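Chemist: following is a predicted model, sequence given first.
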Amino acid sequence: MMTSERDAPVETVDIKGDRSEKNIGNKTIVLVGLMGAGKSSVGRRLAHQLGLPFKDADTEIEAASNLSIPEFFEKHGEAAFRDGERKVISRLLEGPQHVLATGGGAYMDKETQALISKYACSVWLRADLDTLYKRCMKRNTRPLLKTGNPRTILKDLMDKRYPVYGGADITVESADGPHEHVVNRIISALENRHSNHL
């Protein structure tokens with residue numbers, strides 16, 4: 001059973017032994033953004049800093065379906081993938097507070113977006129085209145980038161998705177440089193948001 005932010009006690013966590021308490025509320029933190037924005041890498045570090053579990057929606061889908069994401073796309077298509085993704089995210093949001101990295105298209109699904117809006121705090125990791133392209137070209141595991149010119153596909157996805165991602169609760173720039181800088185910006189934004197909602 002999901003509880004509202006008002007029903008549950010405010011969570012405080014100790015950050016790497018510096019004894020300062022961080023008030024970020026009790027909602028799950030959901031990272032959204034395009035492939036290559038750093039959702040998994042930043043998410044793991046953010047979860048560690050906050051003393052929370054980290055979960056990756058794509059990993060959960062792979063475990064549930066016994067297929068890799070590219071295999072799922074090839075075998076069942078994108079519509080079936082989005083349906084499974086929505087179910088997995090819904091199940092995860094019913095659990096205890098954690099940091100959740102989602103796939104690039106998850107937040108584009110209106111039902112998934114509504115679930116995240118209701119039960120979590122969404123954080124958009126916004127990155128420019130050069131950063132996304134550079135990161136995505138390091139691994140050849142992105143099904144959507146195999147259908148044409150990767151840079152053109154990324155630009156088209158940015159044009160389509162960035163206005164929707166802009167509806168997230170928090171926006172943080174994800175540029176080249178240490179992920180810890182992004183993590184610190186997220187924590188500051190979470191604290192500010194939570195203090196403003198008290």
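Modeler: Arrived safely.

Chemist: so where do the strands sit in this structure?
Modeler: Using DSSP state E, the strands of the chain run over 12-14, 21-23, 28-32, 54-56, 99-101, 120-126, 170-173.

Chemist: run through who's touching the longest one.
Modeler: Contacts of strand 120-126 from elsewhere in the structure, counted by C-beta atoms under 8 Å, 6 or more residues apart in numbering, are 25, 27-33, 37-39, 42, 93, 100, 107, 116, 162, 165-166, 168-174, 182, 186, 189-190, 193. In short, each C-beta sits where N, CA and C put it, glycine included.

Chemist: quick check on those residues: which are buried?
Modeler: Buried members of those, counted by 16 or more other C-beta atoms under 10 Å: 25, 27-33, 37-39, 42, 93, 100, 107, 116, 165, 168-172, 174, 182, 186, 189-190, 193.

Chemist: ok so, going back, can you list the strands of the chain in CSV and add mean pLDDT and distance to residue 112?
Modeler: Shown next, in CSV, are these (pLDDT from 0 to 100; distance: least, C-beta to C-beta, whole Å):
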stretch, mean pLDDT, distance to residue 112
strand 12-14, 34, 27
strand 21-23, 68, 27
strand 28-32, 97, 10
strand 54-56, 96, 15
strand 99-101, 97, 11
strand 120-126, 97, 11
strand 170-173, 96, 18
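
Chemist: okay, those strands in CSV with distance to residue 89 next?
Modeler: Supplementary listing: the strands of the chain in CSV, determined by distance: least, C-beta to C-beta, whole Å:
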stretch, distance to residue 89
strand 12-14, 23
strand 21-23, 25
strand 28-32, 8
strand 54-56, 10
strand 99-101, 7
strand 120-126, 9
strand 170-173, 18
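
Chemist: and residue 79, which of the ones you listed is closest to it?
Modeler: Closest to residue 79 of the strands of the chain is strand 28-32 (C-beta to C-beta; 19.8 Å).

Chemist: ok now the closest one, how far from the chain's centre?
Modeler: 4 Å (C-alpha atoms, centre = their mean, to the nearest Å).

Chemist: tell me the strands beside that strand, with direction?
Modeler: According to DSSP bridges, strand 28-32 forms sheet pairs with strand 99-101 (parallel), strand 120-126 (parallel).

Chemist: please identify the deepest-packed of those.
Modeler: With neighbours taken as mean count of other C-beta atoms under 10 Å, the strands paired with strand 28-32 reach their highest mean count in strand 99-101, at a mean of 27.

Chemist: OK, contacts around the residue nearest to residue 151 when sequence neighbours are not counted?
Modeler: Spatial nearest neighbour of residue 151, excluding adjacent residues (C-beta to C-beta, 6 or more residues apart in numbering): residue 133 at 5.2 Å. Counting by C-beta under 8 Å, 6+ apart, residue 133 touches 36, 150, 151, 154.

Chemist: state the pLDDT value of the last one.
Modeler: Read it as residue 154. If you check residue 154, the pLDDT there is 93.

Chemist: still on that earlier bit, how near is the residue nearest to residue 151 to residue 38?
Modeler: Per C-beta to C-beta, to the nearest Å, residue 133 is found 14 Å from residue 38.
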